[in-house]
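Novice: Prediction below, plus the sequence it came from.
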Amino acid sequence: MMPFTNERCTKGYRARTGTLATTITANVLDINGNGLGGVSVLFSSTAGSLGATTVTSDAAGVAQTVLTTTQQATVTAAVGAQAGSS
């Protein structure tokens, strides 16, 4: 079974500095929609900084990190083997 992710943003707030801190959640699921624990999730962002770029999903298949930024950003969460080039 190949895991996949479903990302969603929760709990955004604006600090006095104008910086937005948002919890990013990736749900790692099997083909039947069951959570997969122990899977490494690689987060990346087009702007700002992430609290952690690699997070292991918990027993329910949830992996979370925090994005801190002053501008709009696109966050990507990836799992699975990456094909190399030769």
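Specialist: Looks like it came in fine. Keep in mind that what you see is a predicted model, and the values were worked out from it rather than measured.
Novice: Quick one: name whatever helix or strand follows the helix or strand of the chain with the lowest mean pLDDT.
Specialist: When the helices and strands of the chain are compared on mean pLDDT, DSSP states H and E, strand 4-14 comes out lowest with a mean of 45. Next in sequence after strand 4-14, counting helices and strands by DSSP states H and E, comes strand 20-29.
Novice: Can you give the distance from that next one to the centre of its chain?
Specialist: Chain-centre distance of strand 20-29: 5 Å, with CA atoms, centre = their mean, to the nearest Å.
Novice: Give me the helices and strands touching it, please.
Specialist: Secondary-structure packing of strand 20-29 (3 or more CB pairs under 8 Å, 6 or more residues apart in numbering; DSSP states H and E): strand 4-14, strand 40-45, strand 62-69, strand 75-78. For glycine as for every other residue, the C-beta is placed from the backbone atoms N, C-alpha and C.
Novice: Can you give the distance from the second one to the centre of its chain?
Specialist: What separates the centre of strand 40-45 from the centre of its chain is 5 Å, taken as CA atoms, centre = their mean.
Novice: gap between the nearest residue to residue 48 once chain neighbours are set aside and residue 24?
Specialist: Residue nearest to residue 48 in three dimensions, not counting chain neighbours: residue 69, with 2.6 Å by CB to CB, 6 or more residues apart in numbering. Applying CB to CB, to the nearest Å, the value for residue 69 to residue 24 is 11 Å.
Novice: ok, and the closest non-adjacent residue to residue 73?
Specialist: Nearest residue to residue 73, sequence neighbours excluded (CB to CB, 6+ apart): residue 47, at 3.8 Å.
Novice: and the gap between the one you found and residue 66?
Specialist: In terms of CB to CB, residue 47 sits 14 Å off from residue 66.
Novice: Comparing those two, which residue is more hemmed in?
Specialist: Counted by other CB atoms under 10 Å, residue 47 and residue 66 do not tie: residue 66 has more neighbours, with 15 against 12.
Novice: correct me, but that one touches residue 19?
Specialist: No: using CB atoms under 8 Å, residue 66 is not in contact with residue 19, being 11.3 Å away.
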